[in-house]
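Q: Sequence first, then the predicted structure:
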Amino acid sequence: MGIKIEVKKPSEKELKDLNIKSWPIWEKEVSTFDWFYDEKETCLFLDGEVEVELSDGGKVKLAKGDLVIFPKGLRCKWNIKKRVKKHYKFGA
């Protein structure tokens, strides 16, 4: 049983309801690194392009405008293809 990453294109109302503009911003240059989520992360990609490789061999492509939920317990590898800028929030 694999862990899934939820990805969607949110409406303006959803973004406002989540108060995403108040969340911190994280930026990272083109790079590759392993990552483990010890808690849930919700984020909105403001810019960039990433391919996330899952431990079960699957891949998820993420880009500007994607609202993403990375579940607690996910082990993956980030391959940043274009510099990333995202709002993020850890926890529930």
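A: Structure received.
Q: Got phi/psi on residue 12?
A: The phi/psi pair for residue 12 (degrees, to the nearest 10) reads phi -60, psi -40.
Q: Count the residues that sit near it.
A: Residues lying near residue 12 (other C-beta atoms under 10 Å) number 7. Yep, even glycine has a C-beta here, placed from its N, CA and C like the rest.
Q: Look up how far residue 79 lies from it.
A: Distance from residue 12 to residue 79, counting by C-beta to C-beta, to the nearest Å: 30 Å.
Q: what does residue 48 give?
A: Taken as C-beta to C-beta, the span from residue 48 to residue 79 is 11 Å.
Q: which residues sit against the lengthiest strand in the chain?
A: Longest strand of the chain, by residue count under DSSP state E: strand 75-90. Strand 75-90 is contacted from outside by 20-21, 23-37, 39-55, 70, using C-beta atoms under 8 Å, 6 or more residues apart in numbering.
Q: Mark which of the residues you listed are part of helices, please.
A: Among the contacts of strand 75-90, none falls in helices (DSSP state H).
Q: In strands only, show me those residues.
A: Per DSSP E, the contacts of strand 75-90 map to strands at 25-28, 31-36, 41-54, 70.
Q: Select only the buried ones of the residues you listed in PyMOL?
A: Entered in PyMOL, the line below selects the buried ones among the ones in strands among the contacts of strand 75-90, by 16 or more other C-beta atoms under 10 Å:
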select buried, resi 41+42+43+44+45+48+49+50+52+54+70
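Q: and after the helix or strand of the chain with the lowest mean pLDDT, which helix or strand comes next?
A: Lowest mean confidence among the helices and strands of the chain (mean pLDDT, DSSP states H and E): strand 6-8, at a mean of 89. Counting by DSSP states H and E, the element after strand 6-8 in chain order, helix or strand, is helix 12-18.
Q: And that next one, what does it pack against?
A: Helices and strands touching helix 12-18, by 3 or more C-beta pairs under 8 Å, 6 or more residues apart in numbering; DSSP states H and E: there are none.
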